[in-house]
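**Student:** Give the three-dimensional model of this entry:
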Amino acid sequence: MLRGHRAAAAIINLRINSNNTMKNVIKFYHWLGLLLCFMIVGTSSALADTVKGTVADDTGEPLIGATVALKGNSKAVTVTDIDGNYSLVVPSLKDAILEVSYVGMESKEVKVAGRATVNVTLTTSSEQLDEVIVVGYGQQKKASIVGAITQTSGEVLEKAGGVSSLGAALTGNLPGVITSASSGMPGDEDPRL
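**Tutor:** Here you go, the predicted structure:
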């Protein structure tokens, strides 16, 4: 009978130890999971930094739609908002170089050098504006235009006095431009180009 009590005590002791062991295993995995979460959050925030700022012209006016890109990375690109502000995620603030460009402005490369805020001022480029021609379906270089180009000035249009619309002022003043009035109704004489 004594042996039976010892065996029962040994079984009870084993169950108590296995319950404590199970609790210890659960605690271990709990702490391990917490540690892994902290490591993931810590490494993901260490992998990327954000650089912010504004892009303006040489008079201080914000440039809407200026392109800000990380040099050497075609996926890290953003465009400025209505106030000229941008925000771009970069791998490192120390080594990042931003390429800033805008139509009619000189492109600029700016070293971030550890700064979280980088404001950029672009200067006007008169050379680029002279070589771009705006056409009805986009813009093209002057050298690639095939066909006739004509131009007029405000003085020529003012000489057409007594007209109520731009279409009427252009009628007969530009060679190669054809205007037509679709209606003979009084007050509806606005010709179409």
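**Student:** Give the buried residues for the top strand by length along the chain.
**Tutor:** Counting by DSSP state E, the longest strand found in the chain is strand 49-57. Buried residues in strand 49-57, counted by 16 or more other Cβ atoms under 10 Å: 49, 51, 53-57. To be clear about C-beta, it is placed using only N, CA and C from the backbone, and glycine gets the same treatment.
**Student:** Just give me the closest of the residues you listed to Pro91.
**Tutor:** Asp49 (7.5 Å; Cβ to Cβ).
**Student:** Against Ala116, how distant is that closest one?
**Tutor:** For Asp49, the distance to Ala116 equals 7 Å [Cβ to Cβ, to the nearest Å].
**Student:** what residues are shared contacts of those two?
**Tutor:** Leu93 (Cβ atoms under 8 Å, 6 or more residues apart in numbering).
**Student:** Confirm for me that Ser107 is in contact with Ser101.
**Tutor:** Yes: between Ser107 and Ser101 there is a contact under Cβ atoms under 8 Å: 4.2 Å.
**Student:** More neighbours: the two, which one.
**Tutor:** Ser101 (16 against 12; other Cβ atoms under 10 Å).
**Student:** All set, thanks.
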